[in-house]
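Visitor: predicted structure and sequence below. I'll ask about it afterward.
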Amino acid sequence: MTGGPPPLAAALPTPGLWRRLACMSYEAVLLFGVVMAAGLAYGVWTDQRHALQGSAGLQAFLFCVLGVYFAGLWSWRGQTLAMKTWHIRVLAADGRPPRRLRALARYVASWLWFLPALASAHAAGIRSVGFMASLVAVGVAAYAGMARLRADRQLLHDVVCGTRLVDTRAAPSPARMQHDAPP
């Protein structure tokens, strides 16, 4: 086996930053249903009667549910539904979807989008939802801007985990490759 990704995977371009952010926004809309269903299941399972009762347990449960969702789909096909819609795929260095452990590490590392801003708000004692949302927006913008510092335009969590996002619109389909092949 050769070192490095297969030639086709290596030739795929990195999706633009705005497409990645749009995909992330669409993912948030889709995850609303997942989080609501998981929250309902948790509430029934734990006999939760008040929203603040057991909130730390609910947060941990949702963190795990989202981890299973993302790591499972990334390791299975390299895409979530939102990523498929926006023609974005996550690949490991070998050009294939990341294995489960790498996908799980990518999920944990991807919280770098939000954690610095949330930790800063918590440390400063900020409780205003509007101000916290503004801090998260600034943090997301700063984190996204860090991709501009790299020639390959990959984000820190992808670099650390040995994965990369690729634009699948440029990938020829197997049927087209067969049609375009010389006789």
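Guide: Thanks, I have it. Predicted, not measured: the structure shown is a model, and the values here were computed from it.

Visitor: quick one: mean pLDDT for the lengthiest helix in the chain?
Guide: Secondary structure of the chain read by DSSP state H shows that its longest helix is helix 17-46. The average pLDDT within helix 17-46 is 94.

Visitor: give me the helices and strands touching that helix, please.
Guide: helix 55-76, helix 81-85, strand 88-92, helix 129-145 (3 or more Cβ pairs under 8 Å, 6 or more residues apart in numbering; DSSP states H and E). C-beta here means a position set from N, CA and C on the backbone, and glycine is covered the same way.

Visitor: now do the same for residue 108: its pLDDT.
Guide: pLDDT, residue 108: 95.

Visitor: should've said residue 3
Guide: pLDDT, residue 3: 51.

Visitor: re the thing from before, residue 121: which of the helices and strands packed on helix 17-46 is closest?
Guide: Of all the helices and strands packed on helix 17-46, the one in closest proximity to residue 121, counting by Cβ to Cβ, is helix 129-145 (4.8 Å).

Visitor: helices or strands next to that closest one in the packing?
Guide: helix 17-46, helix 115-123.

Visitor: just the CA atoms of it, as CSV, please.
Guide: C-alpha atoms of helix 129-145 as CSV (Å, rounded to 0.1, in the frame of the first residue of the first chain):
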residue,chain,number,x,y,z
VAL,A,129,-28.3,34.7,26.8
GLY,A,130,-27.9,37.5,24.2
PHE,A,131,-24.4,38.4,25.4
MET,A,132,-23.4,34.8,25.5
ALA,A,133,-24.7,34.2,22.0
SER,A,134,-22.7,37.2,20.8
LEU,A,135,-19.6,35.8,22.5
VAL,A,136,-20.2,32.4,20.8
ALA,A,137,-20.7,34.1,17.4
VAL,A,138,-17.4,36.0,17.8
GLY,A,139,-15.6,32.8,18.9
VAL,A,140,-17.0,30.9,16.0
ALA,A,141,-15.9,33.7,13.6
ALA,A,142,-12.4,33.8,15.1
TYR,A,143,-12.1,30.0,15.0
ALA,A,144,-13.3,29.9,11.4
GLY,A,145,-10.8,32.7,10.5
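
Visitor: which residues are contacting that helix?
Guide: Outside of helix 129-145, the residues within contact range by Cβ atoms under 8 Å, 6 or more residues apart in numbering are 17, 20-21, 112-114, 116-118, 120-121, 126, 155-156.

Visitor: do stretch 120-127 as well
Guide: Contacts with stretch 120-127, where a contact means Cβ under 8 Å, 6+ apart, come from 131-132, 135, 139.
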